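Participant: Provided below for reference: sequence and predicted model.
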Amino acid sequence: MTRVPTAIPGLDELIEGGFIENDVILLTGGPGAGKSTFGIQFLYDGIKNYGDPGVYVTLEESPARIIRNMWRHNWDLERPIKENKLRIIRANPIAYGRYIKESAKTEGITDVETATVENLLKQIFTQVKEIGAKRLFIDSITSLKISSDETTVRHMIMEFIKNLENFDCTTLITSELHNNLENFSVEEYLSEGVIRLHVTRVGGNRVRAIEIIKMRGVKHDEIMHPYAITDEGIVVYPSETVIGKEADVFESTFF
Ligand SMILES: Nc1ncnc2c1ncn2[C@@H]1O[C@H](COP(=O)(O)OP(=O)(O)OP(=O)(O)O)[C@@H](O)[C@H]1O
Ligand SMILES: [Mg+2]
């Protein structure tokens, strides 16, 4: 099995060298956990260090804002865009979320015929093929779940992930954490791997820890390790653990 380096320092050694090529991996975490930074690093360093073209689908932030914020890490996203190695697709979360035509009509949404998951998939696929992308980042799948009907949402997410599996790309999808410990979301079951970014407070300090929840076909690490968001991006400390009092906090807190 070919491995795809994650481009996150310290992470590959927790998962036997990287993601399995063409897998769909889910990254979950609360607000500000570093999900977008993680995914953009996966793409940006994927281009720079491994020559893998990448596609970024943003359902939340505008491309201009993303490009601006990533300057903070000295990542010049405009350059790979000009070189046709990176594409940023801005998808409208509201339109795609209004999957049910009837409710869309009552909300006065007129582009419902084209704003479907099928069309979003087609749009992504076109960009992937145009630049020969090897890495794909969808940020975030939660934005697609606007419908209040659970069955519709489940069906839509299933269809979305199943299709992405055939794109010949190693795909990272972000999802927001729900605050119910007992129920996992459909995307957590459907993805080949799930990585969780935990953020909590210990004695007034913010503590960040990364956990590999699952990684099918991989003998992965099962311990929570600290990670940091630095000027260079996300860094994982694989030989350090979140111990003692902090571990207890993580056990009892769900972020
Ligand atoms: N150079 C830096 N050093 C330390 N922390 C930084 C640096 N740059 C950004 N951050 C932190 O990264 C956070 C933003 O990370 P990011 O946008 O990737 O999170 P996210 O999980 O995608 O959040 P959201 O759920 O809001 O989309 C900021 O809130 C800030 O705390
Ligand atoms: Mg984000």
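Facilitator: Perfect, thanks for sending it. Ligands and ions are numbered 1, 2, ... in the order given.

Participant: quick one: contacts for the closest residue to ligand 1 within the stretch 151-255 of the chain?
Facilitator: Of the residues in the stretch 151-255 of the chain, the one nearest ligand 1 is Ile229, at a distance of 3.7 Å by C-beta to the nearest ligand atom. All C-beta spots, glycine's among them, are computed from the backbone N, C-alpha and C. Residues in contact with Ile229 (C-beta atoms under 8 Å, 6 or more residues apart in numbering) are 34, 37, 208.

Participant: and Ile88, that's in a helix?
Facilitator: No: the assignment for Ile88 by DSSP: H, G, I helix; E, B strand; the rest coil gives strand, which leaves it out of any helix.

Participant: separation between it and Glu176?
Facilitator: Distance of Ile88 to Glu176, computed by C-beta to C-beta, to the nearest Å: 21 Å.

Participant: again with Met215
Facilitator: Computed as C-beta to C-beta, the Met215 to Glu176 distance reads 21 Å.

Participant: identify the bridge partners of the residue lying closest to Gln123 once chain neighbours are set aside.
Facilitator: For Gln123, the nearest residue in space outside its immediate sequence neighbours is Ile89; the separation is 6.3 Å by C-beta to C-beta, 6 or more residues apart in numbering. Taking DSSP bridges as the rule, Ile89 bridges to Val57.

Participant: quick check: the residue of the stretch 151-255 of the chain nearest ligand 2.
Facilitator: Closest to ligand 2 within the stretch 151-255 of the chain is Thr174: 6.4 Å, counting by C-beta to the ion.

Participant: can you name every helix or strand that whichever strand or helix holds that residue contacts?
Facilitator: Here Thr174, judged by DSSP states H and E, is contained in strand 170-176. If you count contacts as 3 or more C-beta pairs under 8 Å, 6 or more residues apart in numbering; DSSP states H and E, strand 170-176 packs onto strand 24-29, helix 35-50, strand 135-139, helix 150-164, helix 186-190.
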